[in-house]
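Pasted the sequence and its predicted model underneath.
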Protein chains: 2
Amino acid sequence: MRMLINVPETVVADALRGMSVTYPDLTVDVEHRVVMRKGVPYEGKVALVSGGGSGHEPLHGGFVGRGMLTAACPGEVFTSPVPDQMLRAAAAVDSGAGVLFVVKNYTGDVLNFDMAAELAEDEGVQVAKVLVNDDVAVTDSLYTAGRRGTGATLFVEKIAGAAAEEGAPLDRVAAIAHQVNEMSRTFGVALSAVTTPAKGGPTFDLPDGELELGIGIHGEPGRERRGMMTSGEIADFAVDAVVDDLRPDGPVLLLVNGMGATPLLELYGFAAEVHRVLAQRQVPVARSLVGNYVTSLDMAGASVTICQVDEELLRLWDAPVATPALRWGC
Amino acid sequence: MRMLINVPETVVADALRGMSVTYPDLTVDVEHRVVMRKGVPYEGKVALVSGGGSGHEPLHGGFVGRGMLTAACPGEVFTSPVPDQMLRAAAAVDSGAGVLFVVKNYTGDVLNFDMAAELAEDEGVQVAKVLVNDDVAVTDSLYTAGRRGTGATLFVEKIAGAAAEEGAPLDRVAAIAHQVNEMSRTFGVALSAVTTPAKGGPTFDLPDGELELGIGIHGEPGRERRGMMTSGEIADFAVDAVVDDLRPDGPVLLLVNGMGATPLLELYGFAAEVHRVLAQRQVPVARSLVGNYVTSLDMAGASVTICQVDEELLRLWDAPVATPALRWGC
């Protein structure tokens, strides 16, 4: 066990205490596990609330701020937050313009956000939901009916968040979020297993020198296991998977995402290969983001997400954003 | 070997190709290994050039941009760049106002930047240098006479870069850089060894369940090895080390830096403990930064850097910056 922790039981609470002292623009309710923008509710603006199991940082707490999420609800590691968290967040951030729940497609998250939406509506909060299900690797999985929600969550939260920031109404913000999800595809690769604090060791077995093609962000199995491939070969496989599925006929946003333990030096080299394959497939890249954004604790590996954009989505992508993990234009 | 690479020989070139397609505001000369801001030289402004071995990303290339470095020269992994790189960078970025070399204190870097400074001055470029040597763990080390340069490099590059951006003359920019280094201290901890592409395996032996207190960013030995400690115990040890050495009598900037493979979830929890110890030591924290900034490939662990600031240094810290890794205010 090579963890920088106190005890497994307090990992999430400890992290929230750390966020609280690090980010003066955020309100972190450590007890109730809600991360919010300061100054909520914002008059006349739709609020975005997301959340999910911890262990994927900076997702979601690191995406709270101007032009992106209004609040995030972290669950235990790899475990859905509970409805009470979303309900509390929704009540705190709703200005009367309504709340969009951004939900990654995992059974627990879907159930809990559904329940929270009902409870919030009972309290007079208008709620819309968007389900993120961009991962093309597998149709169903350990924790999912249908495709898993992974890297596209960043695109959905950024672009819908920009629309909300501009004052778009709830139905419009939700429609944009749906559009971004519809136009996004992800494929991920693991070069090592992931270690959770509770288990204290790898959650699955991936021998040195093998990789898992189509891994999920909790280490769920993907399409196949192979002997080690080069960065270029992995890029070929991953880009083919997302392009064959989406079949884009216009420019895309590109996220080359590290799973956590892959050095940035390697991730940049992988990004070069991903660009090479996209060029070969005649897919123009409008904007590029490389880094650790939707992670899986200490897993080595990477994922590729593309999102086809029209002029409006691209404009919203470029709009100012000020969060711990994503920041430009302000 | 769990690396996302093509072959060890092309790791740095591949990464530079990736940076080149990812960051439109940078000019990346892959052949000559120089990363520069677009639009250089900037009339009337002092330029900052840094560099060092690769494997510490985002340092230094990720710190090139408005308000920070003007150029960076990446060497091979954990190997100093050569004087020709710094010379080429200096010639390209010098507006006539001179160039500050920011040099981490490692024998190879010092020699090569010294030689580059002489060559640049022969070509009519005025050069000043600042040596960064903030690591309190050991006095001399495998690659160092004197203390190693680590986390404070970020503070030096950001704060001196802000002064240069405002149009301060070379002697003033250099004086500020020296002041930042003088007022900074770092202490790092490794929870795992580091794997270099060339070696394909760990560069030193650190059994599971042990940690190295006072580790260097190339895995150089520190002060002592112990059995696993809690995040809180490590924070006590690291903060005591930097506070006892600096003895600050005013507010500090704080960098809680990940070595590469430590999950952000853990790093946030560690940051909470670092804040706790600083409060106990009655050291006020003016600004806080948490993330992977000065890394050591896939090493697990973290370092703590503090920099005591006066009003002017704090103002320069807060000034706008727009680089791949550090961005605010613009």
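Perfect, thanks for sending it.

From the contact counts, what lies against the one helix or strand A:Leu278 maps to?
Following DSSP states H and E, one finds A:Leu278 within helix A:264-280. Contacts defined by 3 or more Cβ pairs under 8 Å, 6 or more residues apart in numbering or on different chains; DSSP states H and E place helix A:264-280 against helix A:231-246, strand A:252-258, strand A:285-291, strand A:301-308, helix B:11-22. Yep, even glycine has a C-beta here, placed from its N, CA and C like the rest.

got the angle between the second one and strand A:285-291?
Same thing as strand A:252-258. With axes from the mean of the first three to the mean of the last three Cα atoms, to 10 degrees defining the directions, strand A:252-258 sits at 10 degrees from strand A:285-291.

Rounded mean pLDDT for strand A:252-258, please.
Strand A:252-258 shows a mean pLDDT of 98.

That strand: partners in the sheet, and parallel or antiparallel?
If you go by DSSP bridges, strand A:252-258 pairs up with strand A:285-291 (parallel), strand A:301-308 (antiparallel).

The helix holding A:Leu278 versus helix B:11-22: what angle between them?
Going by the same axes, to 10 degrees, helix A:264-280 makes 60 degrees with helix B:11-22.

Averaged pLDDT, helix A:264-280. What do you get?
Mean pLDDT, helix A:264-280: 98.

If you count neighbours, what's buried in it?
By neighbour count on 16 or more other Cβ atoms under 10 Å in any protein chain shown, the buried set for helix A:264-280 is A:264-278.

wait, which of the helices and strands packed on helix A:264-280 is closest to B:Pro251?
strand A:285-291 (29.7 Å; Cβ to Cβ).

Mind checking the pLDDT average for the closest one?
Mean predicted lDDT for strand A:285-291 stands at 98.

Correct me if wrong: A:Ala164 contacts A:Val99.
No. Judged on Cβ atoms under 8 Å, A:Ala164 makes no contact with A:Val99 at a distance of 9.7 Å.

Between these two, which contacts overlap?
With contacts taken as Cβ atoms under 8 Å, 6 or more residues apart in numbering or on different chains, A:Ala164 and A:Val99 have A:46-48, A:70 as neighbours in common.

Contacts only, for whichever residue of the stretch 101-250 of chain A sits closest to chain B.
Residue nearest to chain B within the stretch 101-250 of chain A (Cβ to the nearest Cβ): A:Leu191, separated by 4.2 Å. Neighbouring residues of A:Leu191 by Cβ under 8 Å, 6+ apart: A:206, A:211, A:228, A:262, A:300-301, B:2-4.

cool, A:Ala117 as well?
Counted by Cβ under 8 Å, 6+ apart, A:Ala117 has contacts A:86, A:101, A:127, A:129.

where are the low-confidence patches of the stretch 1-150 of chain A?
Confidence mapping of the stretch 1-150 of chain A against pLDDT under 70 gives the ranges A:1.

Can you name the residues that contact the spatially closest residue to A:Val252 that is not a sequence neighbour?
In space, and not counting its chain neighbours, A:Val252 is closest to A:Ile306: 4.3 Å by Cβ to Cβ, 6 or more residues apart in numbering or on different chains. Residues in contact with A:Ile306 (Cβ under 8 Å, 6+ apart) are A:184-185, A:242-243, A:246, A:248, A:252-255, A:278, A:283.

show me where the stretch 101-250 of chain A has helices.
A:107-122, A:152-165, A:170-182, A:231-246 (DSSP state H, counting those that start in this stretch).

hang on, the earlier thing: run the chain-centre distance for the helix holding A:Leu278.
Using Cα atoms, centre = their mean, to the nearest Å, the mean C-alpha position of helix A:264-280 is found 21 Å from that of the whole chain.

Can I get that helix in PDB, CA atoms only?
Only the C-alpha atoms of helix A:264-280 are listed here, as PDB (Å, rounded to 0.1, in the frame of the first residue of the first chain):
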ATOM      1  CA  LEU A 264       2.300  14.000 -18.300                       C
ATOM      2  CA  LEU A 265       5.500  13.400 -20.400                       C
ATOM      3  CA  GLU A 266       3.900  10.100 -21.700                       C
ATOM      4  CA  LEU A 267       0.500  11.700 -22.000                       C
ATOM      5  CA  TYR A 268       1.900  14.400 -24.300                       C
ATOM      6  CA  GLY A 269       3.500  11.800 -26.500                       C
ATOM      7  CA  PHE A 270       0.200   9.900 -26.600                       C
ATOM      8  CA  ALA A 271      -1.600  13.100 -27.600                       C
ATOM      9  CA  ALA A 272       0.800  13.400 -30.600                       C
ATOM     10  CA  GLU A 273      -0.200   9.900 -31.700                       C
ATOM     11  CA  VAL A 274      -3.900  10.600 -31.200                       C
ATOM     12  CA  HIS A 275      -3.600  13.700 -33.400                       C
ATOM     13  CA  ARG A 276      -1.800  11.700 -36.000                       C
ATOM     14  CA  VAL A 277      -4.600   9.100 -36.200                       C
ATOM     15  CA  LEU A 278      -7.300  11.800 -36.200                       C
ATOM     16  CA  ALA A 279      -5.600  13.500 -39.100                       C
ATOM     17  CA  GLN A 280      -5.400  10.100 -41.000                       C
END
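
Within range of chain B, give me the residues from the stretch 51-200 of chain A.
Within the stretch 51-200 of chain A, the positions adjacent to chain B are A:54-55, A:57-58, A:62, A:77, A:189, A:191-192 by Cβ under 8 Å from any Cβ of the partner chain.

Please tabulate these in JSON lines, including the columns distance to B:Trp328.
Shown next, in JSON lines, are these (distance: Cβ to Cβ, whole Å):
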{"residue": "A:Ser54", "distance to B:Trp328": "26"}
{"residue": "A:Gly55", "distance to B:Trp328": "27"}
{"residue": "A:Glu57", "distance to B:Trp328": "20"}
{"residue": "A:Pro58", "distance to B:Trp328": "16"}
{"residue": "A:Gly62", "distance to B:Trp328": "15"}
{"residue": "A:Val77", "distance to B:Trp328": "30"}
{"residue": "A:Val189", "distance to B:Trp328": "33"}
{"residue": "A:Leu191", "distance to B:Trp328": "33"}
{"residue": "A:Ser192", "distance to B:Trp328": "33"}
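
got a winner among those residues for most neighbours?
In terms of neighbours by other Cβ atoms under 10 Å in any protein chain shown, these top out with A:Gly55 at 30 neighbours.

quick one on the thing from earlier: what's the most distant pair in the buried residues of helix A:264-280?
Pairwise across these, and taking Cβ to Cβ, the largest span is found between A:Leu265 and A:Leu278, at 21.1 Å.

circling back to that earlier point, which among the residues of the stretch 51-200 of chain A next to chain B gets closest to B:Ala120?
Nearest member of these to B:Ala120, counting by Cβ to Cβ, is A:Pro58, at 39.8 Å.

I figured the closest one hits A:Pro324, correct?
Yes. Contact criterion Cβ under 8 Å: A:Pro58 and A:Pro324 qualify, at 6.2 Å.
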